[in-house]
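1. Can you look at this prediction? I've put the sequence above it.
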Amino acid sequence: MAMAGESSGINYGDCDGKVERKVGLIYDETMCKHDTPDGEDHPECPDRIRVIWEMLQLAGVSQRCVVLGSSKAEDKHLQLVHTKDHVNLVKTLSTKQKDYRRNKIASQLNSIYLNGASSEAAYLAAGSVVKVAEKVAQGELDSGFAIVRPPGHHAETDEAMGFCLFNNVAVAASYLLNERPDLGVNKILIVDWDVHHGNGTQKMFWKDPRVLFFSVHRHEYGSFYPAGDDGDYDMVGEGLGEGFNINVPWDQGRCGDADYLAAWDHILIPVAREFNPDIILLSAGFDAAIGDPLGGCRVTPYGYSVMLKKLMEFAHGKIVMALEGGYNLDSIAKSSLACVQVLLEDKEIQASSEAYPFESTWRVIQAVRKRLCAYWPSLADELSWKLINQKVPTPIILISSSDSETEDDAQGLLDQMSKLSIENHQVDTARTSWRADLAKVDVWYASFGSNMWKPRFLCYIQGGQVDGMKKACVGSMDKSPPKEIVWKTFPHRLFFGRESSASWGVGGVGFANPLANHNDQIHMCLYRITLEQFNDVLCQENGLNVDTDLPVIDLAALQLAENKSAIIPEAVSNSWYGSVVCLGKECDIPILTMTCTLSVFEKFKSGEIPLRPPAKAYANTFIRGLVEGGRFSAEEAEAYIDKAASTPL
Ligand code: X5A
Ligand code: ZN
């Protein structure tokens, strides 16, 4: 039976005549008006909540829920977790005086855009989570889902960041604890399964034992957004709140159902049983979902439904879901639907999975259990050997060109590497500390595409944009020009592929086969730069921010690249130029190039990713490089490109 509007009463939805659980939903189109000021594309887009709502309607699920109207948060509730100044800033964003200052304000914040509708959306997002939480706590609803944006969990007491303006979930938790003693909510479990760390929420309840904050997120030794140590498992809370903050920091991307469920079974669920919450608030970002462009993980709708189902054993199933991140429209719609079906107790879920967690997942889980077992006795037992042997190897991919070293040696080196970066990070937390060290080391960056034209390459060093480029580069933090330039040929295969690229628009761009082949010859222009600059070039080539706390290639990784001839650093493993290949040495300085990974090369070869002749602007730049470098005449350069573009792989 369809129910809509702010109706109450018993909902007889099930064909067995079983009384369905009352699940509240809030969606309001007004929150779609928060958008980029200039119409630029952004992953945190209005369609995110639209597609979720449409999916719930299409599946006939929203009709079986109690649909509530949205509400604006009250300032006094926002001020339970935010400063007056911050609330005022967001409140006055849409005023006339702010029309000209909004872009400036946004640009001074980390990953925030603002328009005239941002203020209202932020108030509605926070107020709607408060409203659902109130009704679930009261017992008027069994559970609920606030389909809101902007998201909230990155927002700190005095600062908007990470697409978040108000910390919606934190406001709701604080409201229940401090404003509604009548509801009898004394202990709240906040589960944050967004792929990013819930830094804002963590800080707001850092010393508060009434709130157990659990966040599982990509961390990668502090390099993943929001970078730094906040998301580490060592951050357990302080004072009375000590032990009431639990972080599960993945040290790699690609985690999927098996990894998340292992964290559930061996950390979250036993702790939740001991904590025995009165209500659960779920920071339900869906950016760990398979297909998410920012997350890189692989949680399926089924995985989300099992995670949620396992939480329903607590607090009499009183669960308030609030949308956080999630940027693949298809994935977030399907994941949301799977979750609401669980809240409705629609279908039986058998929690069985053939996949195993990664080896690194067990390492993280064991570290978390060890750090927290003093507060939660159920974490004290060692995990059985049999259990942790159910694993797949950590997917750091190595391309080995010599048989002299076994994969085991490589794993040993990698283990050493990860230890190194952890230690470095703890000893030395200055933001740019790595730069000074890597500035002392020279490498040759061997370019084989448009970067062979020096002015184009200099965009990556000094910043800027040459003719034909669609986008400007920010450049390296060290803007000094290359110390030397030499040309050489190497036994690798040049080819062109992709449909289009951000720098050049429609058309292919150059790649080198990551493996050597002595029947092929590629012309390369070698620039002698520092390893610091090489990192900045690598980041820009892969569309990553150069301003990172950790280098992509540190000294250990350079060593590894030299020994193994090629490495795939985790930070760029899913990017186009994910393979860093060492081509040997020149004057005792290692020669590095960057190209696609072997697995992407295989996709080019099979046609799964198109081979495509270069874009016009790209080809012109390429030719200029070869001609001005004195390698070829214009005709010869064209012939070189034509041959590479027309010979099958
Ligand atoms: C809510 C959320 C992500 C921010 C990423 C900024 N924020 N690079 O998923
Ligand atoms: Zn996120």
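-> Happy to help now that I have it. Ligands and ions are numbered 1, 2, ... in the order given.
2. Around residue 505, how many other residues sit close by?
-> 15 (other CB atoms under 10 Å). In short, each C-beta sits where N, CA and C put it, glycine included.
3. May I ask you to confirm that it is in contact with residue 499?
-> No. With contacts counted by CB atoms under 8 Å, residue 505 stays clear of residue 499, the gap being 10.1 Å.
4. What parts of the stretch 251-400 of the chain come near ligand 2?
-> 285, 287, 325 (CB under 5 Å from the ion).
5. I'd assumed residue 511 was in a helix, is it?
-> No. Counting by DSSP: H, G, I helix; E, B strand; the rest coil, residue 511 is located in no helix; its state is strand.
6. Could you check how far it is from ligand 1?
-> Residue 511 sits at a distance of 27 Å from ligand 1 (criterion: CB to the nearest ligand atom, to the nearest Å).
7. Please list all residues in contact with that residue.
-> 494-497, 595-596, 601, 604 (CB atoms under 8 Å, 6 or more residues apart in numbering).
8. Among these, name the ones in strands.
-> 494-497, 595 (DSSP state E).
9. Kindly indicate which of the residues you listed lies nearest residue 173.
-> Closest approach between the ones in strands among the contacts of residue 511 and residue 173, by CB to CB: residue 595, at 48.1 Å.
10. That closest one: neighbouring residues, count only.
-> Each residue near residue 595 was counted by other CB under 10 Å, and the total is 27.
11. Show the contacting residues for whatever residue of the stretch 301-450 of the chain ends up closest to ligand 1.
-> Going by CB to the nearest ligand atom, ligand 1 is nearest to residue 325 of the stretch 301-450 of the chain, at 2.4 Å. Listed by CB under 8 Å, 6+ apart, the contact set of residue 325 reads 44, 151, 163, 194-196, 285-287, 294-295.
12. run the last query once more with 10 Å
-> With contact taken as CB atoms under 10 Å, 6 or more residues apart in numbering, residue 325 is in contact with 43-44, 48, 149, 151, 153-154, 162-164, 194-196, 283-289, 292, 294-295, 332.
13. which SS class is it?
-> From three-state DSSP, the assignment for residue 325 is coil.
14. which parts of the chain sit against ligand 1?
-> 111, 151, 154, 162-164, 194, 196, 225, 285, 287, 324-325 (CB under 6 Å from any ligand atom).
15. Please indicate which of the residues you listed are buried?
-> Buried subset of the residues of the chain next to ligand 1 (neighbour count, 16 or more other CB atoms under 10 Å): 151, 154, 162-164, 194, 196, 225, 285, 287, 324-325.
16. For the protein, which helix or strand comes out least confident on mean pLDDT?
-> One helix or strand of the chain scores below all others by mean pLDDT, DSSP states H and E: helix 407-427, with a mean of 37.
17. Could you tell me the model confidence score at the closest residue to ligand 2 within the chain?
-> Using CB to the ion, the closest approach of the chain to ligand 2 is made by residue 325 at 2.8 Å. pLDDT recorded at residue 325 is 98.
18. Next, it: phi, psi?
-> phi -90, psi -160 (degrees, to the nearest 10).
19. same thing with residue 346?
-> The phi/psi pair for residue 346 (degrees, to the nearest 10) is phi -70, psi -50.
20. Please apply the same query to residue 361.
-> According to degrees, to the nearest 10, residue 361 has phi -60, psi -40.
21. burial count for it?
-> Neighbours of residue 361 (other CB under 10 Å): 26.
22. Now do it, the pLDDT please.
-> For residue 361, the model assigns a pLDDT of 95.
23. does it really touch residue 257, like I thought?
-> No. The criterion here is CB atoms under 10 Å, and residue 361 misses it with residue 257 at 11.4 Å.
24. Which ones among the contacts of residue 325 map onto strands?
-> Counting by DSSP E, those place 283-284 in strands.
25. So which of the contacts of residue 325 are in helices?
-> Those of the contacts of residue 325 mapping onto helices are 48, 332, per DSSP state H.
26. Could you tell me which residues make contact with the residue of the stretch 451-600 of the chain found nearest ligand 1?
-> Of all residues in the stretch 451-600 of the chain, residue 545 sits closest to ligand 1, with a separation of 8.1 Å (CB to the nearest ligand atom). With contact taken as CB under 10 Å, 6+ apart, residue 545 is in contact with 225, 227, 474, 539.
27. looking at this, residue 443 is in a strand?
-> Yes. Assessed by three-state DSSP, residue 443 belongs to a strand.
28. That one bridge partners, please.
-> For residue 443, the beta-bridge partners are residue 529 (DSSP bridges).
29. Can you report how many residues lie near it?
-> Residue 443: 27 neighbours (other CB under 10 Å).
30. Does the residue nearest to residue 24 when sequence neighbours are not counted lie in a helix or a strand, and which?
-> Spatially, and ignoring its direct neighbours in sequence, residue 24 is nearest to residue 144 (3.3 Å; CB to CB, 6 or more residues apart in numbering). Residue 144 belongs to strand 143-146 when assigned by DSSP states H and E.
31. Report the separation between residue 214 and residue 190.
-> 7 Å (CB to CB, to the nearest Å).
32. For whichever helix or strand comes after the least confident helix or strand of the chain, buried residues please.
-> Proceeding C-terminally, helix 407-427 gives way to helix 433-438 as the next helix or strand, assigned by DSSP H and E. By 16+ other CB under 10 Å, the buried positions in helix 433-438 come out as 434-435, 438.
33. Mind pulling up the pLDDT for the most centrally placed residue in the chain?
-> Central residue of the chain (CA atoms, centre = their mean): residue 295, 3.4 Å from the mean position. Per-residue confidence at residue 295 stands at 95 (pLDDT).
34. That one contacts residue 216, doesn't it?
-> No. Using CB under 10 Å, residue 295 is not in contact with residue 216; the gap is 11.9 Å.
35. joint contacts of these two?
-> Counting by CB under 10 Å, 6+ apart, the residues touching both residue 295 and residue 216 are 194-195, 255, 288.
36. Of those residues, grab the buried ones for ChimeraX.
-> Those of the shared contacts of residue 295 and residue 216 that count as buried under 16+ other CB under 10 Å are selected in ChimeraX with:
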select :194,195,255,288
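37. Confidence-wise, which of the shared contacts of residue 295 and residue 216 comes last?
-> Scoring these by pLDDT puts residue 255 last, at 94.
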